[in-house]
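Asker: Please find the sequence and the predicted model below.
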Amino acid sequence: MPGCSKENPPYPDTPRLTPVRTLAPITKPASRGQWSMLMARAQDGDREAYRTLLTEVEPYVRSIAIRYLKSSSDLEDAVQDVLMTVHSIRQTYDPKRPFGPWLVAIAHRRVIDQLRRQTRRRSRETELSAEHETFAAAPTKLFGDNSDELALVGAIDKLPPDQRDAIRMMKLKEMSLKEASQASGRSVSALKVATHRAIRNLRKLLKGELS
Amino acid sequence: MRKTSDLIDSLVDSATPVRRLAPPLLRTCIWLALAALILVLLCVAHGVRPDLSMRLKQPVFVVSMFGALATAVLAALASFELNLPESRRWWLLLPLPGFAVWVSTIGYGCLTDWVSMNPNGIQMGEAARCFATLLMTSVPLSVAMLIMLRFAAPLRPTMVSAVGGLAIAAMTSFALSLLHDLDATIMILIWNFGIAALIAGMAGALGRPLLVWVAAHVVPLLPPQLSRPQ
């Protein structure tokens, strides 16, 4: 571009990109020595030291797990699993030894274990596709399919009121005799008789309609 | 799934002071002391084999006993080392020298005893007592080993339990050789090699679920509210 130089930029109002210092790595060697001290204090029951340690260690564990796991939920599972393992076997850490290899060994083994579990699970499972569904398209229900149901509902409507209520409570709502008795205020034996008569009448009504 | 920050809160809340694990060498000594105690008790209750003084003069027998004992000691040390997360896999090779001596003398013993085998050498009564010794040695040692190695449950349970099983098998074989007159070829094969293979094989196959079970139920590594989904 003519007339364009470092001293004379083409768009003077545009903010220029300036080189920035890269972020420091999450773990500096010095912090590992500190982790060792924090873990020693955590073993002695210092909860604040333990909280600081777990909070500082978590991104480091995440950076190890992300090399193996892509899905964010799997990654989160793995990080939590490593933290729980660190908690469950914190007795095995010897403050005379470096903390880094201890943590890295736990993280690697738990992440690899999770990968194995995933592989095993996926070998047993098959993802569902459209072919596995009963209706690939929106389900359709033809009138002919529920004509019996309509006939039954119509026949129930034709029953005397006491029988109609009994059959609705006992058979359609699937209430127990005790529940139906409480709901209707009728005795159990009266409900039994009404249900029996209702079924007999329904049979007659439906036979008549069919014939 | 809960948030990681919530998990950290729960872990901090349940963080009670813990006693650091003793160094592997010391833990090996503790386990060996238990084994020695069991052996002494068995020797007092049952008595050593009648021909022990004579057998101790035979180099093959002494080397075989030494091989079994060395395998037990080295395998126990290896399993307690492998119990620590950051230890190297090379520890697996530690029991190999003792194991090689032990196995080679068993083979040699079979060969020589085959030639001089007495038809009356195999007796069921002795076999039953052998079985009792086998159980009384291997069961308490296995229980102690499982509890002591429970920290390996989330890390490398199969490897650690296989090496621990080898230690138990070798120690059991040492006890059998010390207490019972097992010089018939078939008895040597069954009791020494067969049982050792069986214990080590069972430890390899069942060690993982057993260690996981011990770490989850018998001596829980995690409090109930933090139990790990299996």
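Answerer: Here it is on my side, so go on.
Asker: Return the residues of chain B in contact with chain A.
Answerer: Neighbours of chain A within chain B, by CB under 8 Å from any CB of the partner chain: B:1-2, B:4, B:7-8, B:11-21, B:23, B:83-86, B:151, B:154-156, B:215, B:221-222, B:226, B:228. Bear in mind the C-beta positions are built from the backbone N, C-alpha and C, glycine included.
Asker: Among those residues, which ones are in helices?
Answerer: B:Thr4, B:Leu7, B:Ile8, B:Leu11, B:Val12, B:Asp13 (DSSP state H).
Asker: can you tell if the lengthiest helix in chain A touches chain B?
Answerer: For chain A, the longest helix by residue count, based on DSSP H, is helix A:99-124. Yes: for a cut-off given as CB under 8 Å from any CB, helix A:99-124 has contacts with chain B, namely A:Pro101, A:Trp102, A:Val104, A:Ala105, A:Ile106, A:Arg109, A:Arg110, A:Asp113.
Asker: For those, give me JSON lines that also has distance to B:Ile147, pLDDT and neighbour count.
Answerer: Shown next, in JSON lines, are those (distance: CB to CB, whole Å; pLDDT from 0 to 100; neighbours: other CB atoms under 10 Å in any protein chain shown):
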{"residue": "A:Pro101", "distance to B:Ile147": "26", "pLDDT": "89", "neighbour count": "14"}
{"residue": "A:Trp102", "distance to B:Ile147": "22", "pLDDT": "90", "neighbour count": "23"}
{"residue": "A:Val104", "distance to B:Ile147": "27", "pLDDT": "91", "neighbour count": "16"}
{"residue": "A:Ala105", "distance to B:Ile147": "22", "pLDDT": "90", "neighbour count": "17"}
{"residue": "A:Ile106", "distance to B:Ile147": "21", "pLDDT": "91", "neighbour count": "25"}
{"residue": "A:Arg109", "distance to B:Ile147": "21", "pLDDT": "89", "neighbour count": "16"}
{"residue": "A:Arg110", "distance to B:Ile147": "22", "pLDDT": "89", "neighbour count": "26"}
{"residue": "A:Asp113", "distance to B:Ile147": "22", "pLDDT": "86", "neighbour count": "16"}
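Asker: mind checking how far B:Arg49 is from chain A?
Answerer: B:Arg49 is 41 Å from chain A, where distance means CB to the nearest CB, to the nearest Å.
Asker: Leaving out the residues flanking it, which one is nearest to A:Ala40?
Answerer: Distances taken as CB to CB, 6 or more residues apart in numbering or on different chains place A:Pro95 nearest to A:Ala40, at 4.0 Å, with adjacent residues excluded.
Asker: burial count for B:Ala70?
Answerer: The burial count assigned to B:Ala70 is 20, neighbours taken as other CB atoms under 10 Å in any protein chain shown.
Asker: which one is it nearest to, not counting chain neighbours?
Answerer: Setting aside the residues directly before and after it, B:Ala70 is nearest to B:Gly98 in space (CB to CB, 6+ apart), at 3.2 Å.
Asker: tell me the mean pLDDT for whichever helix or strand the one you found is part of?
Answerer: Here B:Gly98, judged by DSSP states H and E, is contained in helix B:96-115. Computed over helix B:96-115, the mean pLDDT rounds to 64.
Asker: same for the very next helix or strand once past that helix, what does it pack against?
Answerer: Helices and strands here follow DSSP H and E; after helix B:96-115, the next one along the chain is helix B:124-148. Here helix B:124-148 touches helix B:24-46, helix B:59-82, helix B:157-179, helix B:185-187, helix B:195-213, going by 3 or more CB pairs under 8 Å, 6 or more residues apart in numbering or on different chains; DSSP states H and E.
Asker: what's the most buried one of the ones you listed?
Answerer: helix B:157-179 (a mean of 26; mean count of other CB atoms under 10 Å in any protein chain shown).
Asker: Can you classify A:Gln80 as helix, strand or coil?
Answerer: Here A:Gln80 is helix, with the state taken from DSSP: H, G, I helix; E, B strand; the rest coil.
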